[in-house]
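Undergrad: heads up, no residue letters with this:
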């Protein structure tokens with residue numbers, strides 16, 4: 001789905017919701033919104049359908065509403081068929097999107113990009129955001145390679161944190177209520193967003209009545225273009 005708009009209207013609207021809503025939502029039990037098998041199935045299918053980027057494989061990570069990792073999968077034939085480093089990046093993207101998404105106000109990691117860049121005048125209002133919630137890597141590489149992306153992945157049940165400010169992370173929703181986050185990594189930042197968008201739809205966990213957490217391309221006020229990004233899903237403007 002490709003939506004035309006002016007500038008970064010949708011990204012701004014989502015971020016206004018994050019930083020201006022002051023009433024707390026009712027407490028909700030943290031349950032994993034997907035199973036590992038369902039994540040794997042949706043991720044593989046989405047990766048097959050997406051034609052953007054470098055045609056790489058992906059890591060997909062889901063966190064529950066508390067930010068704990070509850071599902072990990074990969075789209076390739078084996079754990080090292082995709083960049084191994086992308087496993088932890090996907091986890092941080094899921095944590096970021098979940099942590100900044102509120103009721104009716106989803107935030108994609110892609111929409112953060114223009115807000116965190118420095119400038120000669122002192123930077124944008126979220127400059128330095130990526131350094132405020134560092135990743136805890138203590139459990140990421142426990143165990144052998146054969147456990148990665150399985151129901152024995154050492155990241156499962158851990159809240160690793162991390163903040164990523166480019167494409168690939170999306171909030172997961174039931175209606176207007178956030179229930180977790182999805183992170184994809186393994187290709188260009190634009191392809192990560194595009195394939196995550198497809199994956200979320202297949203999981204039936206996109207915000208209702210429609211998503212506003214688009215990637216907005218732009219030289220200054222948007223996310224940078226990536227190689228082979230024609231047909232990127234979940235885009236507003238150009």
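TA: That came in fine, so what should we check first? Remember, it's a predicted structure, so these values are computed and weren't measured experimentally.
Undergrad: if I pick residue 54, what's in contact with it?
TA: By C-beta atoms under 8 Å, 6 or more residues apart in numbering, the contact set of residue 54 is 187-188, 191, 227-228. In this view, the C-beta of every residue, glycine as well, is placed from N, C-alpha and C.
Undergrad: with pLDDT, neighbour count and secondary structure added, can I get these in a markdown table?
TA: Shown next, in a markdown table, are the contacts of residue 54 (pLDDT from 0 to 100; neighbours: other C-beta atoms under 10 Å; DSSP: H, G, I helix; E, B strand; the rest coil):
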| residue | pLDDT | neighbour count | secondary structure |
| --- | --- | --- | --- |
| 187 | 98 | 28 | coil |
| 188 | 98 | 22 | coil |
| 191 | 98 | 29 | helix |
| 227 | 96 | 11 | coil |
| 228 | 97 | 16 | coil |
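Undergrad: which one of those sits closest to residue 151?
TA: The closest of the contacts of residue 54 to residue 151 turns out to be residue 187 (C-beta to C-beta; 24.9 Å).
Undergrad: ok, the closest one - contacts?
TA: Contacts of residue 187 were listed using C-beta under 8 Å, 6+ apart, and they are 52-56, 58, 195.
Undergrad: what subset of those residues is buried?
TA: Using 16 or more other C-beta atoms under 10 Å as the burial test, the contacts of residue 187 include 52-53, 56, 58, 195 as buried.
Undergrad: what about the residues you listed, which are in strands?
TA: Using DSSP state E, the subset of the buried ones among the contacts of residue 187 located in strands is empty.
Undergrad: lowest-confidence helix or strand of the protein?
TA: Ranked by mean pLDDT, DSSP states H and E, the weakest helix or strand in the chain is helix 9-20, scoring a mean of 43.
Undergrad: name the next helix or strand following it along the chain.
TA: helix 36-49 (DSSP states H and E).
Undergrad: list the buried residues in that following helix.
TA: By 16+ other C-beta under 10 Å, the buried positions in helix 36-49 come out as 36, 38-44, 46-47.
Undergrad: contacts only, for the most centrally placed residue in the chain.
TA: Central residue of the chain (C-alpha atoms, centre = their mean): residue 169, 0.7 Å from the mean position. Going by C-beta under 8 Å, 6+ apart, residue 169 touches 92-94, 96-97, 108-110, 181-184, 196.
Undergrad: among those residues, which lie within strands?
TA: Checking these against DSSP E, those in strands are 181-184.
Undergrad: can you get me a residue count around residue 110?
TA: 34 (other C-beta atoms under 10 Å).
Undergrad: which residues touch it?
TA: Residues counted as contacts of residue 110 (C-beta under 8 Å, 6+ apart) are 166-169, 189, 193, 213-216, 223.
Undergrad: for residue 140, see how far away it is.
TA: As judged by C-beta to C-beta, to the nearest Å, residue 110 and residue 140 stand 23 Å apart.
Undergrad: helices along the protein, start to end?
TA: Secondary structure of the chain (DSSP state H): helices located at 9-20, 36-49, 86-100, 189-202.
Undergrad: now the angle from the last one to helix 36-49?
TA: What it means is helix 189-202. Angle between the axes of helix 189-202 and helix 36-49 is 130 degrees (criterion: axes from the mean of the first three to the mean of the last three C-alpha atoms, to 10 degrees).
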